[in-house]
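Asks: how would this look folded up:
(chains A and B)
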Amino acid sequence: MNLALTTSLFATTGGPASADPRVLLTQASYLAASVLFILGLKGLTNPDKARRGMQLAALGMALAVVGTLIDAQIISYTWIVVGMILGSAIGAAISIWMPMTAVPQRTAISHAFGALAATMVGIAHFHEAPAPRAAESNVPAMTVGTPASPQPEVAEHSIGRVEMAALGFEVLFGSLTITGSFMAFGKLQGFVPSQPITYKGQNASNISLFVLSFLLFVYLIFNPAGSLSGLCFYLMIAIGLAVGVLIVLPIGGADMPVVISLLNSYAGLASSATGFALHNSVLIIAGALDGASGFLLSILMSKAMNRSFTNVLFGAFGGGEAAAGTVNSTEGLTVHSISVDDAGLQLAYARLVIVVPGYGMAVAQAQHQVRELAELIEKRGGEVKYAIHPVAGRMPGHMNVLLAEANVPYDRLYDMEDINNEFARADVALIIGANDVVNPAARNDPASPIYGMPILNADQAQRIIVLKRSMNPGFSGIENELFYNPKTALLFGDAKSSLTQLVTAVKNL
Amino acid sequence: MTDPTTAFLQMYVFVLAGFVGYQVITRVPPLLHTPLMSATNAISGISLVGSLVIAGRGSGHTASVILGFIAVTAAMINVVGGFMITDRMLKMFKRQEKKPNP
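Replies: Down below sits the predicted model:
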C-alpha cells in the first residue's frame, strides 16, 4: 500500500498526498458539491424553481460520492457496494410507497439514520486509534473496545484533544439523536403513546444524566488517550442514547414540530462534527446547512407556539391542571350541532370560504375530499382559501404537503399572517381537525397554557363550521371556547365521511 | 493530529456555512418547510462520504468494516430516500392553472 497516501488516516486534505491528481479530483468534487448544495437550498426559496434546485443538490451528492470512491484510501469495495445497494433499495422503497400522511414519521426516522451514520463513523474512528502509549499502557484491560493488537501501518496517529472534541460532539449529538428520533418516530407512528409520559423527578434525572455525559466529554478532551478514555467514550454514548429516549418521553404530539426540527438540527451538527474529525470540508458545510435549517425551523415553531425551547423540552404540555383551569369558562355553555344539508347550504352560497386544516385532516386522510368540496364551491362562484398555521400538523409545512398532494394549487395556501385579516370578510370558516390553532383562549385567557400563542382569527368569520370527531379536547387537553361560540356549528363525525357527505349535499343543490 | 490552525480553518468553514445556510433558509417560504426538512436531511446524508472511507479502507479492523457498512447503509437510505421524497413532494406543488373565479 502506498504509505504516502495513507499518512493522514482520515484526512483527504493537505499533507504530502495533496499532489496526487486523485486527491485533487476528490477535493474538487467536494467543492462542487458544497456549492451545489447551497444552490439547491436556494432553489427552495421559490416553489417553481425548487425541483431544479434539488436536482442540482442531488448532482452535488453524486459528485461527492464519486469523488470519494476514487479516493486512494479505499481499497475494498465489497461492503461499500452492498451497503449502497441495500441503502438505496430501502430509501427508494420508503419514498415510493410511503403515503404523504406519513411524512412526519419518515422525517423523524431519517434523522435517526443520519445520526446513526455519524455515530458509527465516530466510533470506528475512535476504535481504530492506537492503544494508549507506553506510559498508560500498563492497564490495557481498562481500554474498553480498543483492540489488543492495533494495526500500526494504518492507525498511526493517536487522537489529540481537538480531534477528541470533534469526535465527542459527533457521538454525543449522534447518539441522542438516534434514540430521540426513534422515539419521535414511535410517537408519530403510534407504537409509543403520543401523550406526554411524565414521572416524578424527571427533569432532575434528565439534567443529571446530561451533566454526567458532559463531564465525561470534558474528561475525554483532556485525556484523549488516557487509560480510561475508552470506557468514558462508550459510557458517554450509552448515556447519550438514554438521554435521547428520556427527553422525548415527556413531549406530546402537538409539540412534535419543535422536536422534529430540533432533532434535525442535532443530526446536522453530528454530521458537521464528523467533518471536523475527518478534516472533510463538505461534511462540515452540509452539516452546518442542515444544522442551521433545523435550528431556524425550531425557532419558528417555538415562536408559533409562543414557547421557548426549554419550555418545550422540560414543560410536558397538557397536564391535568391545565385542562381543569380552563374548564370553568366553558361550563354551562352549549354547542350547536349542524346537519350536513345545512352546512352544505352555507358553504354553497358563501362568497369566501377559508379552510383551516389541522392534524385531524391528516389522520382522516381527508385532503382529497377537501379539494373536491373546494372545487364545487368555486364552480358555484365562491372563493376558497386555506389558512395554514405554522404548527398545524406534526411537522413544519405538514398541511401544505398534504393539500398539495390533493392537487390544491399552492397559491391558495396562505400563511397565518397573510390570511388573518381576511377572516372578517369570510362567510364561512371551515375548520377541519384543527383545535389549538384557532382557540381564542390564546388571545384572551391569561390562565390558559396556550395564552400568547398566535392563532388564526377563525372566530372573526361570519359563520364557523367545525368538523370534529367528538367533543374530546385536542392533544393539549385544552377546552376550546370557539366551539361554544354562538356563530359556531359543529358537524360531528369522521372528517373524511363528513366531507364526502358535504360534497354530495353541495352537488345536489 | 489536528493542529489548532486546521481546527480554526474548519471553524471558519462551519460558521460561514452556517451563516449562509441561515440566510438562505430564512427565505424559504413556510409552504415548503416540509420539503426543506427532507432536503436538508438528504444533503446531510453526505456523511456517506465519511462512511465510505471507513467501510472501504481495509484497515484490518472487522469492527470498522461492520460499523462502516451500517453507516453506508444508513446514510444511503437518507441520500436516496431524501432526494426522492423531496422530489415527489415538490412535484405536487402546482399553481392554479386557470384564472381563479372572480
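Asks: so in chain B, where's the weakest helix or strand by average pLDDT?
Replies: Least confident helix or strand, chain B: helix B:47-56 with a mean of 90, by mean pLDDT, DSSP states H and E.
Asks: and the top helix by length along chain A, how far from the chain's centre?
Replies: Across chain A, the longest stretch assigned as helix under DSSP state H is helix A:161-189. A distance of 14 Å separates the centroid of the chain from that of helix A:161-189, by Cα atoms, centre = their mean, to the nearest Å.
Asks: same question, stretch A:423-434
Replies: That offset, for stretch A:423-434, works out to 28 Å (Cα atoms, centre = their mean).
Asks: start to end distance for it?
Replies: For stretch A:423-434, the separation between the terminal residues is 16 Å (Cα to Cα, to the nearest Å).
Asks: what sits closest to the closest residue to chain A within chain B if chain neighbours are left out?
Replies: Nearest to chain A, among the residues of chain B, is B:Met76, at 2.5 Å (Cβ to the nearest Cβ). Every C-beta, even on glycine, is put in place using the N, C-alpha and C of the backbone. In space, and not counting its chain neighbours, B:Met76 is closest to A:Gly87: 2.5 Å by Cβ to Cβ, 6 or more residues apart in numbering or on different chains.
Asks: sketch out the low-pLDDT regions of the chain for me.
Replies: I went with chain A, as the question did not name one. Chain A contains residues with pLDDT under 70 at A:1-19, A:130-157, A:313-332, A:472-477.
Asks: try chain B instead
Replies: B:1-2, B:97-102.
Asks: and the spatially closest residue to A:Gly433 that is not a sequence neighbour, how far is that from A:Ala374?
Replies: Take A:Gly433 and drop its neighbours on the chain: the residue closest to it by Cβ to Cβ, 6+ apart is A:Gly360, 1.6 Å away. With distances taken as Cβ to Cβ, to the nearest Å, A:Gly360 is found 17 Å from A:Ala374.
Asks: stretch A:26-44 near chain B at all?
Replies: Yes - using Cβ under 8 Å from any Cβ of the partner chain, stretch A:26-44 reaches chain B at A:30, A:33-34, A:37-38, A:40-42, A:44.
Asks: by neighbours, which of those residues wins?
Replies: A:Phe37 (30 neighbours; other Cβ atoms under 10 Å in any protein chain shown).
Asks: pretty sure that residue contacts B:Ile43?
Replies: Yes - contact criterion Cβ atoms under 8 Å: A:Phe37 and B:Ile43 qualify, at 5.1 Å.
Asks: helices or strands up against the longest helix of chain A?
Replies: Here helix A:161-189 touches helix A:103-128, helix A:202-222, helix A:229-248, helix A:256-278, going by 3 or more Cβ pairs under 8 Å, 6 or more residues apart in numbering or on different chains; DSSP states H and E.
Asks: redo those helices as TSV? Include distance to chain B and mean neighbour count.
Replies: Converted to TSV, these look like this (distance: least, Cβ to the nearest Cβ, whole Å; neighbours: other Cβ atoms under 10 Å in any protein chain shown):
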stretch	distance to chain B	mean neighbour count
helix A:103-128	4	28
helix A:202-222	12	16
helix A:229-248	12	21
helix A:256-278	5	29
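Asks: can you tell me which of these is nearest to B:Ile66?
Replies: Nearest to B:Ile66, of all the helices and strands packed on helix A:161-189, is helix A:103-128, at 8.7 Å by Cβ to Cβ.
Asks: orientation of that closest one relative to helix A:202-222 in degrees?
Replies: Per axes from the mean of the first three to the mean of the last three Cα atoms, to 10 degrees, the angle that helix A:103-128 makes with helix A:202-222 is 40 degrees.
Asks: now the least confident helix or strand of chain B, how far from the centre of its chain.
Replies: Distance, stretch centre to chain centre, for helix B:47-56: 15 Å (Cα atoms, centre = their mean).
Asks: and stretch A:367-380, by the same measure?
Replies: Offset of stretch A:367-380 from its chain centre (Cα atoms, centre = their mean): 31 Å.
Asks: pretty sure A:Val391 belongs to a helix, no?
Replies: No - counting by DSSP: H, G, I helix; E, B strand; the rest coil, A:Val391 is not part of a helix but coil.
Asks: list the residues that contact it.
Replies: Taking Cβ atoms under 8 Å, 6 or more residues apart in numbering or on different chains, we find A:Val391 in contact with A:254, A:257-258, A:301, A:304-305, A:437.
Asks: and the residue nearest the centre of chain B?
Replies: B:Ile43 (1.7 Å; Cα atoms, centre = their mean).
Asks: tell me which element that one is part of?
Replies: helix B:33-43 (DSSP states H and E).
Asks: checking A:Ile354 next. Helix, strand or coil?
Replies: Following three-state DSSP, we place A:Ile354 in the strand state.
Asks: excluding covalently adjacent residues, which one is nearest to it?
Replies: A:Ala426 (4.6 Å).
Asks: so what's the residue count around the one you found?
Replies: 25.
Asks: doesn't A:Val355 make contact with it?
Replies: No - applying Cβ under 8 Å, one finds A:Ala426 not in contact with A:Val355, separated by 10.0 Å.
Asks: which helix or which strand is home to residue 91?
Replies: This is for chain A. According to DSSP H and E, A:Gly91 maps onto helix A:78-97.
Asks: you answered for a different chain; I wanted chain B.
Replies: helix B:62-92.
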